[in-house]
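Q: With the sequence up front, the predicted model follows.
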Amino acid sequence: MRTLNLINASFARLGRQRWLALAAGVGLLLLLALLLIRIYGPQPEPLDPFVRYRPAMKPAFQTQFDDLSQAPRYDITVELNAQENVLTGRASIAIANTSPDPWPSLIFRLYPGLEHYGGRITLQSVGIGDQPVPYDYQAENSAMRVHLQRPLQPQEQVDVRLVWQLDIPVWTDSSSTYALFGNSQQMTSLPLFYPALAVYQPGPTASSGRWWLDQGTVRGDAAFNVTSLFVVTATLPAELVPVTSGTLITSTLLNPNQARHVWVTGPSREFLLHASPTFSSVYTEALGTRVTSYWLPGQEAAGRAALGYAVAALRIYSDRFGPYPYRDLRVAPAPLSYRGMEYPQVSLLGIELYSLFRNDLEMLVAHEVAHQWWYQIVHNDPVNEPWLDEALAEYSMKLYMEKLYGQKNADDLQTVRWQLPLDALRAAQTDGAIDQPVANFANSAQYEAIIYGKGALLYAALRQTLGDRAFDKFLQDYLSRHRYQIVDSKTWLNDIQSLKNPNLNRLYRDWVQKPLFSAP
């Protein structure tokens, strides 16, 4: 009996082995079939690396993301404590080395620390992935250097994680106050409230490049940034009405006192957060863009007028330079007295333009909206070569005037706004070259007369030399060729020389490189 049981057990074990072998064979065949299907069968769609950012761009411009695979990507989360004037933030930033040089360290600009911004960013932790790394402050606390464990080679990518606290300055509430950053007149202006990757400028030889650390002054713009992509999540006091770069994705009331907002951007130079508890707004659609205008109490008429000016400028410049690619465009008052300042998808206008200087509101809107092409899309060093964007944004005002009010009014603008101030400089023997850093000018009057006025007259001379059709084509080609890039005076000259007009070299030499009008 025991022998029979052993025999039966042996047959049972043999059966199980056969079944196990058969199952293993079938499994192997299935794996082989799946592999063949994977190789030769229908392929799944690749993951879209830009899916988060696409809502910020109009449908016709979605392909522009294709050239942004190495653009820095910021994922920022912040919370504002309005009572203590403190903003806490954390960010994950994907950074690729787009230069020909290895980077032993990374430099981030802390723009709120600039003297004329008056704020302070304090880093609480810095890491590469999940590993903490050392860092130190640079350029009078307007930058920080992150030390890498090994140099970041060209085309390599690294993820930087930052946690920081921003102390927000509070300025006087006088309507004449010029405050680029901080709290004033019931408004909070926070451009570049986060550590921003500095611009790396390659040198003439290998590894001779440098990180841009210039600090600028209150005159002109001090921010210089590479094109980047942003996702920003902000928890703010519920009563604040935010005005920002990018496109709003969600807005959620967390409790009676707090709301959480999420914005995304297309290719942008920076991200602006500007807000007030007293803003009202109105919007309209133009060329597929939602144009929104904001105003403070008692300024509704001026706010609605600003909307009309912004829509007109958007249409005129889209026809003249090239289409505006973004889903949103905004204009809003700010504590900038009677001046303006450009940001991605936002034009901030001094509060006095809505009241005492209302007659200047239209021209300032026309100028600042032009910066969406000449600064936001085509960028330049605003501290050392401010003429490159300011002169062209200023001349754009004449194109705006011609379209809406005719040639005579446009010519009057040219005479009164540009020619007469330049004539005054000539009489005082203080004329100068256009291609100069901001710091070279003795005062604001000289700076504005040369960079804005003389720069605009340069474009008038260029247009007269080329003729209208060739001039328009030059601007359109300039925009298309350098979209989302950084240009300098040499770039501009190369584009001029490509037109093969011998008169243009002399025009550049006389207008840009030296004073055209010298006193006898």
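A: Thanks, I have the structure now.
Q: can you give me the helices in the chain?
A: Along the chain, counting by DSSP state H, helices occupy 2-40, 300-320, 361-370, 387-405, 407-413, 420-427, 444-447, 455-466, 468-481, 489-497, 502-508.
Q: what mean pLDDT does the longest one have?
A: Taken as a whole, helix 2-40 has an average pLDDT of 47.
Q: Need the phi and psi values for the spatially closest residue to Pro59 that is not a sequence neighbour.
A: Closest residue in space to Pro59, ignoring its immediate chain neighbours: Gly288 at 7.7 Å, by Cβ to Cβ, 6 or more residues apart in numbering. (Each C-beta comes from the backbone N, C-alpha and C, glycine too.) For Gly288, the backbone dihedrals (degrees, to the nearest 10) come out as phi 80, psi 10.
Q: so what's Gly288 up against?
A: 58-60, 327 (Cβ atoms under 8 Å, 6 or more residues apart in numbering).
Q: Quick check: the two most widely separated of those?
A: Taking Cβ to Cβ as the measure, the contacts of Gly288 span a maximum distance of 11.2 Å, between Ala60 and Arg327.
Q: Those two: which has the busier surroundings?
A: Arg327 (22 against 10; other Cβ atoms under 10 Å).
Q: surely that one meets Ala56?
A: Yes: contact criterion Cβ atoms under 8 Å: Arg327 and Ala56 qualify, at 5.5 Å.
Q: Pull up the overlap in contacts between these two.
A: 247, 266.
Q: Neighbours of Asn409, how many?
A: 12.
Q: distance of it from Leu307?
A: 22 Å (Cβ to Cβ, to the nearest Å).
Q: Same check on Leu110?
A: Taking Cβ to Cβ, one finds Leu110 at 35 Å from Leu307.
Q: between these two, who's got more neighbours?
A: Using other Cβ under 10 Å as the criterion, Leu110 and Leu307 rank with Leu110 on top: 26 against 23.
Q: The residue nearest to that one when sequence neighbours are not counted pairs with what?
A: Of all residues not flanking Leu110 in the chain, Ile121 sits nearest, at 4.4 Å (Cβ to Cβ, 6+ apart). On the basis of DSSP bridges, Ile121 is bridged to Leu166.
Q: these two touch, right, Ile121 and Ile168?
A: No: using Cβ under 8 Å, Ile121 is not in contact with Ile168; the gap is 10.5 Å.
Q: Of the two, which one has the most company?
A: Regarding Ile121 and Ile168, a neighbour count based on other Cβ under 10 Å identifies Ile121 as having more, with 25 against 22.
Q: residues in contact with that one?
A: So Ile121 contacts 110, 112-113, 164-166, 195 (Cβ under 8 Å, 6+ apart).
Q: repeat that with 10 Å
A: 87, 89, 108-113, 137, 141-142, 144, 162, 164-167, 192-195 (Cβ atoms under 10 Å, 6 or more residues apart in numbering).
Q: Same check on Gly246?
A: By Cβ under 10 Å, 6+ apart, the contact list for Gly246 reads 53, 55-56, 229-232, 262-266, 268, 271-272, 326-328, 344-346.
Q: And for Leu272?
A: Listed by Cβ under 10 Å, 6+ apart, the contact partners of Leu272 are 189-193, 242-246, 330, 332, 341-346, 348.
Q: Over to His371?
A: 221, 340-344, 347, 377, 389-390, 392-393, 396.
Q: Leu180: which of those residues is nearest?
A: Met341 (6.6 Å).
Q: Could you check how far the closest residue to Ile249 other than its chain neighbours is from Leu236?
A: Among residues not flanking Ile249 along the chain, Val262 sits closest, at 4.5 Å (Cβ to Cβ, 6+ apart). Val262 sits 12 Å away from Leu236, going by Cβ to Cβ.
Q: Could you give me the ChimeraX syntax to select whichever of the contacts of Ile121 are buried?
A: A single ChimeraX command selects the buried members of the contacts of Ile121 (16 or more other Cβ atoms under 10 Å):
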select :87,89,108,109,110,111,112,113,142,144,162,164,166,167,192,193,194,195
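Q: And the residue positioned nearest the centre of the chain, how close does it get to Gln186?
A: Nearest to the mean C-alpha position of the chain, counting by Cα atoms, centre = their mean, stands Arg269 at 1.8 Å. When distance is defined by Cβ to Cβ, Arg269 is 27 Å away from Gln186.
Q: got it, and Leu307?
A: The separation that Leu307 has from Gln186, given Cβ to Cβ, amounts to 21 Å.
Q: just Ile434 next, same as before
A: Taking Cβ to Cβ, one finds Ile434 at 38 Å from Gln186.
Q: the more surrounded of these two?
A: Ile434 (25 against 16).
Q: OK, contacts around the more buried one?
A: Counting by Cβ under 10 Å, 6+ apart, Ile434 has contacts 385-388, 390-391, 450-451, 453-455, 457-458, 489, 508, 511-516.
Q: residues touching Glu368, list them.
A: 309-310, 313, 331, 339-343, 346-349, 375, 393.
Q: how about a cut-off of 7 Å?
A: 340, 342, 347, 349 (Cβ atoms under 7 Å, 6 or more residues apart in numbering).
Q: Let me see the domain layout of this protein.
A: Using automatic domain parsing, the domain parsing of the chain gives 66-287, 387-513.
Q: Okay, now the last one: how far is its last residue from its first?
A: In other words, domain 387-513. 12 Å (Cα to Cα, to the nearest Å).
Q: tell me the average confidence for that domain?
A: Domain 387-513 comes out at a mean pLDDT of 95.
Q: Same question for the first one.
A: Model confidence over domain 66-287, given as mean pLDDT, is 96.
Q: and that domain, how far apart are its ends?
A: End-to-end for domain 66-287, by Cα to Cα: 23 Å.
Q: so how far is it off the chain centroid?
A: Averaging C-alpha positions (Cα atoms, centre = their mean, to the nearest Å) puts domain 66-287 10 Å from its chain's average.
Q: need the contact list for Gln149.
A: Val133.
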